[in-house]
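Student: sequence-free structure coming up:
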Ligand SMILES: CC(C)=CCC/C(C)=C/CC/C(C)=C/COP(=O)(O)OP(=O)(O)O
């Protein structure tokens, strides 16, 4: 034991628990940055929306939903890590990105490569074994599209944003395919994917306009960097906001959603068009910022409205009503059977005892068969009715 007032010679060599914790926390934060955690969270939200849109409440298909969400999150993280490995130099020149873990060395390139490989392999495996081959292939292809083609194009062609928009459009489709066992060419999935594709144009062009000086420093070929006055940027933003405004109308016309979605879509898109038009008239950072901020709440609002008014969900509601009626009917018949049994027991034994113990709640075989057959018929009729309503 060291004497009072003298320093412990071993103290310096012993790891200080506080600083060890801090190091671990900053390493965790570095891995989250490597995975572009906020972007990946947005990606996963759109995937979950695709899953729920297919009529699968997350809680009722927990294992499938879990595999879809975790698998997509890992694939997205892997793609983000690869993108940062390729862009260390450019990221170091931009204010927006100069604190990224590979720039400030909180992670080594080797650590980033290992994380990208582990996340990519585990993500695609979870999708392959936990969902279906279509969803897994989309996940794998999207890693290639983002880390490969999009990242390659960023410093070389303004069309990188159009390719990046495809990357962002795929995750909601993955949610849909996972929930439907790999059904890719459904109208609902196409509407979700198209919306995500179109939405990214005002979102990313407004962002790259606000950061155009930064993007120029990094050497990225973004449209606002290659023109001095934002003329084309504002045109593209307005054009895509206009395309986007047609989607709720198309969804309603195709009977994918109820007409309320068209009405609410008109209100939502009128505001989006208004801010896009303001930026078109007056190309200032403040107006670009309004377009960007609008895009941030536009997407979750759109997704919630789409889910609320989706016809798939109407069918689900129909099925829920049938299920509730069914259990009420079964309960009533059980009670009737039980009461009849008690009555017989009391009469047969000529007693005033309740007869409760002699009459379990189980039904006679014939009554049970009758109820189940009736229930099955009415469920089939309801489902068929919902199907033909959709085909109309
Ligand atoms: C399943 C799977 C693989 C999903 C991937 C989804 C994904 C990563 C979408 C991102 C879309 C996109 C173009 C973002 C901008 O990245 P950026 O590189 O321009 O951003 P930065 O400037 O911040 O680096």
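Tutor: Sure thing, it's come through. The structure presented is a predicted model; accordingly, all values stated were derived computationally and were not measured. Numbers count the residues shown, from 1 in each chain.
Student: now residue 87, nearest residue through space, not along the chain?
Tutor: residue 151 (6.8 Å; CB to CB, 6 or more residues apart in numbering). Where C-beta positions appear, they are placed from N, C-alpha and C, glycine not excepted.
Student: tell me which other helices or strands the helix or strand harbouring residue 120 touches.
Tutor: Element membership of residue 120, judged by DSSP states H and E, is helix 109-130. With contacts taken as 3 or more CB pairs under 8 Å, 6 or more residues apart in numbering; DSSP states H and E, helix 109-130 sits against helix 17-34, helix 62-86, helix 133-143.
Student: near the ligand at all, the helix or strand just after the longest one?
Tutor: From helix 62-86 onward toward the C-terminus, using DSSP H and E, the following helix or strand is helix 88-93. No: contact of helix 88-93 with the ligand (CB under 6 Å from any ligand atom) is absent, the minimum separation being 7.0 Å.
Student: what's the neighbour count on whichever residue of the stretch 101-250 of the chain sits closest to the ligand?
Tutor: Among all residues of the stretch 101-250 of the chain, residue 164 sits closest to the ligand, at 2.8 Å; criterion: CB to the nearest ligand atom. The tally of other residues near residue 164 (other CB atoms under 10 Å) stands at 21.
Student: for it, give me the pLDDT.
Tutor: pLDDT recorded at residue 164 is 97.
Student: that one in helix, strand or coil?
Tutor: Of the three states, residue 164 takes helix according to DSSP: H, G, I helix; E, B strand; the rest coil.
Student: so it makes contact with residue 201?
Tutor: No: using CB atoms under 8 Å, residue 164 makes no contact with residue 201, being 10.0 Å away.
Student: can you get me a residue count around residue 157?
Tutor: By the criterion of other CB under 10 Å, residue 157 has 12 neighbours.
Student: ugh, wrong one, residue 33
Tutor: Counted with other CB under 10 Å, residues neighbouring residue 33 total 21.
Student: where does this structure dip in pLDDT?
Tutor: Within the chain, the stretches with pLDDT under 70 are 1-17, 56-59, 314-392.
Student: rewinding a little: excluding its backbone neighbours, what's nearest the residue of the stretch 101-250 of the chain closest to the ligand?
Tutor: Nearest one to residue 164, counting by CB to CB, 6+ apart, is residue 150 at 4.9 Å.
Student: got a list of what that neighbour touches?
Tutor: Taking CB atoms under 8 Å, 6 or more residues apart in numbering, we find residue 150 in contact with 83, 160, 163-164, 167.
Student: ok, so of those, who is nearest residue 270?
Tutor: residue 164 (27.1 Å; CB to CB).
Student: for that closest one, give its distance to residue 36.
Tutor: 13 Å (CB to CB, to the nearest Å).
Student: how about residue 49, what does it touch?
Tutor: Contacts of residue 49 (CB under 8 Å, 6+ apart): 172, 175, 192, 303, 306-307.
Student: tell me which two of those residues sit farthest apart.
Tutor: Comparing every pair within the contacts of residue 49 by CB to CB identifies 175 and 306 as the most remote, at 12.5 Å.
Student: so the two - more neighbours on which side?
Tutor: residue 175 (29 against 25).
Student: checking that one next. Helix, strand or coil?
Tutor: Assignment for residue 175 (three-state DSSP): helix.
Student: got the residues of the chain near the ligand?
Tutor: Residues of the chain found near the ligand (CB under 6 Å from any ligand atom) are 39, 43, 72, 75-76, 79-80, 83, 139, 142-143, 146, 150, 164, 167-168, 171.
Student: buried by neighbour count, from these: which ones?
Tutor: Burial by neighbour count, judged by 16 or more other CB atoms under 10 Å, picks out 43, 72, 75-76, 79-80, 83, 139, 142-143, 146, 150, 164, 167-168, 171 from the residues of the chain next to the ligand.
Student: from those residues, which is closest to residue 187?
Tutor: residue 171 (18.2 Å).
Student: distance of the closest one from residue 140?
Tutor: For residue 171, the distance to residue 140 (CB to CB) stands at 13 Å.
Student: with residue 309 instead?
Tutor: From residue 309 to residue 140 the distance is 33 Å (CB to CB).
Student: with neighbour numbers in mind, choose between these two.
Tutor: residue 309 (22 against 17).
Student: neighbours of the nearest residue to residue 119 once chain neighbours are set aside, how many?
Tutor: Excluding its sequence neighbours, the residue lying closest to residue 119 (CB to CB, 6+ apart) is residue 78, at 3.8 Å. By other CB under 10 Å, 28 other residues sit near residue 78.
Student: thought residue 78 was touching residue 113?
Tutor: No: Residue 78 is not in contact with residue 113 according to CB under 8 Å; the separation is 10.6 Å.
Student: how is this structure divided into domains?
Tutor: Here the domain parsing of the chain from automatic domain parsing is 28-335, 341-381.
Student: ok so, going back, list residues touching both of residue 175 and residue 306?
Tutor: Contacts common to residue 175 and residue 306, judged by CB under 8 Å, 6+ apart, are 49, 53.
Student: who's in contact with residue 69?
Tutor: Residues in contact with residue 69 (CB under 8 Å, 6+ apart) are 44, 47-48, 51.
Student: kindly report the same for residue 155.
Tutor: By CB under 8 Å, 6+ apart, the contact set of residue 155 is 90, 219-221.
Student: are any of those buried, and which?
Tutor: The neighbour count (16+ other CB under 10 Å) marks 90, 220-221 as buried among the contacts of residue 155.
Student: let me have those residues in CSV, extended by distance to residue 62.
Tutor: Formatted as CSV, these follow (distance: CB to CB, whole Å):
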residue, distance to residue 62
90, 41
220, 41
221, 44
